[in-house]
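1. Model the following, please.
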Amino acid sequence: MTDAPSADAGGSGEFAVPADERYFEDYEVGATYEFGTVTVTEQEIVGFAARYDPQSFHVDPAAARQGPFGGLIASGWHTCALMMRLFAEHYLPTTASLGSPGVDELRWLKPVRPGDRLRLRLRVVEARRSRSDPRRGIVRTFAELVDQVGEPVLSMTVVSLLLARGGDQDLPTAPPASG
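-> Numbering: from 1, shown residues only. This next block holds a predicted model:
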(Lines give C-alpha, C1' and ligand atoms only; values in the text may rest on other atoms or scores of the structure.)
Protein backbone atom coordinates (compact mmCIF):
# COMPACT_ATOMS: atom_id res chain seq x y z
CA MET A 1 0.00 0.00 0.00
CA THR A 2 2.34 2.77 1.08
CA ASP A 3 5.76 3.46 -0.21
CA ALA A 4 8.03 5.27 2.17
CA PRO A 5 6.20 8.61 2.12
CA SER A 6 8.41 11.60 1.64
CA ALA A 7 7.66 15.24 2.07
CA ASP A 8 7.90 17.51 -0.92
CA ALA A 9 7.40 16.31 -4.42
CA GLY A 10 7.43 18.90 -7.12
CA GLY A 11 8.80 21.88 -5.19
CA SER A 12 5.91 22.45 -2.81
CA GLY A 13 6.46 24.29 0.43
CA GLU A 14 7.76 22.70 3.58
CA PHE A 15 7.01 23.52 7.17
CA ALA A 16 9.67 25.51 9.01
CA VAL A 17 9.29 23.24 12.05
CA PRO A 18 8.88 19.46 12.39
CA ALA A 19 5.49 17.95 13.21
CA ASP A 20 6.32 17.48 16.90
CA GLU A 21 6.99 21.23 17.25
CA ARG A 22 4.18 22.45 14.98
CA TYR A 23 1.20 24.47 16.28
CA PHE A 24 -1.71 26.47 14.88
CA GLU A 25 0.54 29.46 14.12
CA ASP A 26 2.59 27.37 11.66
CA TYR A 27 -0.33 27.03 9.22
CA GLU A 28 -0.33 30.07 6.91
CA VAL A 29 -3.19 30.85 4.55
CA GLY A 30 -2.11 30.23 0.97
CA ALA A 31 0.71 27.85 1.86
CA THR A 32 0.84 24.73 -0.32
CA TYR A 33 2.34 21.35 0.37
CA GLU A 34 2.73 18.04 -1.40
CA PHE A 35 3.41 14.73 0.30
CA GLY A 36 3.32 11.07 -0.57
CA THR A 37 3.23 8.56 -2.23
CA VAL A 38 0.90 5.59 -1.85
CA THR A 39 0.71 2.79 -4.40
CA VAL A 40 -2.65 1.05 -4.46
CA THR A 41 -2.72 -2.74 -4.94
CA GLU A 42 -5.50 -5.05 -6.09
CA GLN A 43 -5.17 -7.06 -2.88
CA GLU A 44 -5.71 -3.95 -0.74
CA ILE A 45 -8.65 -2.77 -2.85
CA VAL A 46 -10.40 -6.14 -2.53
CA GLY A 47 -9.50 -6.54 1.17
CA PHE A 48 -10.81 -3.12 2.18
CA ALA A 49 -13.97 -3.48 0.11
CA ALA A 50 -14.70 -7.02 1.32
CA ARG A 51 -14.78 -5.66 4.84
CA TYR A 52 -16.36 -2.21 4.36
CA ASP A 53 -17.85 -1.71 0.86
CA PRO A 54 -18.64 -5.07 -0.77
CA GLN A 55 -19.84 -3.90 -4.16
CA SER A 56 -18.85 -6.09 -7.13
CA PHE A 57 -16.67 -3.43 -8.80
CA HIS A 58 -14.58 -3.27 -5.59
CA VAL A 59 -14.35 -6.98 -4.64
CA ASP A 60 -14.62 -9.10 -7.80
CA PRO A 61 -12.14 -8.38 -10.62
CA ALA A 62 -14.03 -10.53 -13.14
CA ALA A 63 -17.41 -8.92 -12.40
CA ALA A 64 -15.77 -5.49 -12.29
CA ARG A 65 -14.58 -5.90 -15.91
CA GLN A 66 -18.25 -6.18 -16.92
CA GLY A 67 -19.36 -3.36 -14.63
CA PRO A 68 -19.74 0.40 -15.08
CA PHE A 69 -16.01 1.15 -14.61
CA GLY A 70 -14.60 -1.55 -16.90
CA GLY A 71 -12.41 -2.95 -14.14
CA LEU A 72 -11.69 -3.08 -10.45
CA ILE A 73 -11.69 0.24 -8.58
CA ALA A 74 -11.02 1.22 -4.97
CA SER A 75 -13.92 2.17 -2.74
CA GLY A 76 -14.16 5.92 -2.27
CA TRP A 77 -13.90 5.28 1.47
CA HIS A 78 -10.64 3.40 0.89
CA THR A 79 -9.39 6.43 -1.05
CA CYS A 80 -10.38 8.66 1.89
CA ALA A 81 -8.46 6.39 4.27
CA LEU A 82 -5.36 6.63 2.07
CA MET A 83 -5.67 10.44 2.10
CA MET A 84 -6.03 10.45 5.89
CA ARG A 85 -2.92 8.33 6.33
CA LEU A 86 -0.80 10.83 4.39
CA PHE A 87 -2.55 13.79 6.04
CA ALA A 88 -1.83 12.45 9.54
CA GLU A 89 1.73 11.37 8.78
CA HIS A 90 2.87 14.59 7.13
CA TYR A 91 0.57 17.52 7.75
CA LEU A 92 -1.02 17.30 11.17
CA PRO A 93 1.05 18.36 14.17
CA THR A 94 1.79 15.43 16.45
CA THR A 95 1.45 17.42 19.69
CA ALA A 96 -1.15 20.04 18.80
CA SER A 97 -3.86 18.20 16.85
CA LEU A 98 -7.17 18.35 18.70
CA GLY A 99 -9.26 16.41 16.20
CA SER A 100 -11.70 17.60 13.58
CA PRO A 101 -15.36 18.54 13.43
CA GLY A 102 -15.46 17.12 9.89
CA VAL A 103 -14.81 17.69 6.22
CA ASP A 104 -16.65 19.71 3.61
CA GLU A 105 -17.22 19.12 -0.08
CA LEU A 106 -15.92 15.55 -0.32
CA ARG A 107 -15.68 14.49 -3.96
CA TRP A 108 -14.50 11.33 -5.66
CA LEU A 109 -13.32 12.69 -9.00
CA LYS A 110 -11.78 9.72 -10.77
CA PRO A 111 -11.71 5.97 -10.07
CA VAL A 112 -8.60 4.68 -8.30
CA ARG A 113 -7.31 1.47 -9.86
CA PRO A 114 -4.71 -1.15 -8.93
CA GLY A 115 -1.22 0.22 -9.55
CA ASP A 116 -2.18 3.88 -9.19
CA ARG A 117 0.41 5.95 -7.31
CA LEU A 118 -1.23 8.68 -5.28
CA ARG A 119 0.22 11.74 -3.57
CA LEU A 120 -1.34 14.35 -1.33
CA ARG A 121 -1.59 17.98 -2.42
CA LEU A 122 -2.71 20.58 0.16
CA ARG A 123 -3.49 24.29 0.38
CA VAL A 124 -4.30 26.17 3.60
CA VAL A 125 -7.48 28.13 2.82
CA GLU A 126 -8.28 29.51 6.30
CA ALA A 127 -6.53 29.75 9.66
CA ARG A 128 -8.24 31.60 12.48
CA ARG A 129 -8.36 31.59 16.26
CA SER A 130 -11.35 29.93 17.85
CA ARG A 131 -13.87 32.47 19.12
CA SER A 132 -14.87 30.22 22.01
CA ASP A 133 -11.34 29.22 23.08
CA PRO A 134 -8.37 31.39 21.99
CA ARG A 135 -5.94 28.62 23.05
CA ARG A 136 -6.80 26.87 19.81
CA GLY A 137 -7.23 27.62 16.16
CA ILE A 138 -9.27 26.32 13.26
CA VAL A 139 -7.46 25.47 10.04
CA ARG A 140 -9.34 24.68 6.84
CA THR A 141 -7.25 22.85 4.27
CA PHE A 142 -8.18 22.00 0.68
CA ALA A 143 -6.86 18.48 0.14
CA GLU A 144 -6.49 16.52 -3.07
CA LEU A 145 -5.15 13.09 -3.81
CA VAL A 146 -3.62 13.14 -7.26
CA ASP A 147 -2.59 10.17 -9.36
CA GLN A 148 0.65 9.43 -11.18
CA VAL A 149 -0.29 11.72 -14.09
CA GLY A 150 -1.22 14.60 -11.78
CA GLU A 151 -5.00 14.27 -12.09
CA PRO A 152 -7.06 14.63 -8.90
CA VAL A 153 -8.90 11.48 -7.82
CA LEU A 154 -10.33 12.90 -4.57
CA SER A 155 -10.86 16.35 -3.08
CA MET A 156 -12.21 17.67 0.19
CA THR A 157 -11.84 20.54 2.59
CA VAL A 158 -10.58 19.29 5.95
CA VAL A 159 -11.35 21.27 9.10
CA SER A 160 -8.74 20.80 11.84
CA LEU A 161 -8.69 22.02 15.42
CA LEU A 162 -5.14 22.81 16.50
CA LEU A 163 -3.63 23.93 19.75
CA ALA A 164 -1.97 27.35 19.67
CA ARG A 165 1.58 27.73 20.91
CA GLY A 166 1.49 27.95 24.70
CA GLY A 167 -2.18 26.99 24.74
CA ASP A 168 -1.52 23.79 26.62
CA GLN A 169 -0.24 25.69 29.67
CA ASP A 170 -3.67 26.15 31.18
CA LEU A 171 -5.65 23.23 29.77
CA PRO A 172 -7.71 21.47 32.41
CA THR A 173 -6.49 18.03 33.42
CA ALA A 174 -8.73 15.01 33.33
CA PRO A 175 -10.48 14.25 36.63
CA PRO A 176 -9.05 11.31 38.55
CA ALA A 177 -10.61 7.97 37.74
CA SER A 178 -13.17 6.88 40.30
CA GLY A 179 -12.46 3.59 41.90
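
2. Any regions of this protein where pLDDT drops low?
-> Along the chain, the parts satisfying pLDDT under 70 run over 1-12, 169-179.

3. Need the distance between the two termini of stretch 92-106.
-> 19 Å (Cα to Cα, to the nearest Å).

4. Can you show me the helices along this structure?
-> Under the criterion DSSP state H, the chain contains helices at 42-52, 56-59, 61-66, 76-86.

5. export those helices to a markdown table and tack on mean neighbour count and distance to residue 21?
-> Where C-beta positions appear, they are placed from N, C-alpha and C, glycine not excepted. Converted to a markdown table, the helices of the chain look like this (neighbours: other Cβ atoms under 10 Å; distance: least, Cβ to Cβ, whole Å):
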| stretch | mean neighbour count | distance to residue 21 |
| --- | --- | --- |
| helix 42-52 | 16 | 33 |
| helix 56-59 | 20 | 40 |
| helix 61-66 | 14 | 45 |
| helix 76-86 | 20 | 20 |
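
6. Would you format these as a markdown table with distance to residue 99 included?
-> Output for those, formatted as a markdown table (distance: least, Cβ to Cβ, whole Å):
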| stretch | distance to residue 99 |
| --- | --- |
| helix 42-52 | 22 |
| helix 56-59 | 29 |
| helix 61-66 | 36 |
| helix 76-86 | 13 |
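
7. The most centrally placed residue in the chain and residue 112: what is the separation?
-> Nearest to the geometric centre of the chain sits residue 84, at 3.0 Å (Cα atoms, centre = their mean). Relative to residue 112, residue 84 is positioned 14 Å away (Cβ to Cβ, to the nearest Å).

8. Equivalent analysis for residue 105, please.
-> 19 Å.

9. repeat for residue 126
-> Distance from residue 126 to residue 112, by Cβ to Cβ: 28 Å.

10. Counting neighbours, go ahead and name the busier of those two.
-> Counted by other Cβ atoms under 10 Å, residue 126 and residue 112 do not tie: residue 112 has more neighbours, with 24 against 14.

11. Would you quantify the distance from the more buried one to residue 136?
-> 34 Å.

12. just residue 77 next, same as before
-> In this view, residue 77 and residue 136 are 29 Å apart by Cβ to Cβ.

13. And for residue 158?
-> 16 Å.

14. quick one: contacts for the nearest residue to residue 41 once chain neighbours are set aside?
-> Residue nearest to residue 41 in three dimensions, not counting chain neighbours: residue 114, with 6.0 Å by Cβ to Cβ, 6 or more residues apart in numbering. Residues in contact with residue 114 (Cβ atoms under 8 Å, 6 or more residues apart in numbering) are 40-42, 45, 72.

15. likewise residue 97?
-> By Cβ under 8 Å, 6+ apart, the residues touching residue 97 are 160-163.

16. Quick one: these as TSV, columns for distance to residue 89 and neighbour count too.
-> Below are the contacts of residue 97 laid out as TSV (distance: Cβ to Cβ, whole Å; neighbours: other Cβ atoms under 10 Å):
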residue	distance to residue 89	neighbour count
160	14	24
161	19	17
162	16	26
163	19	20
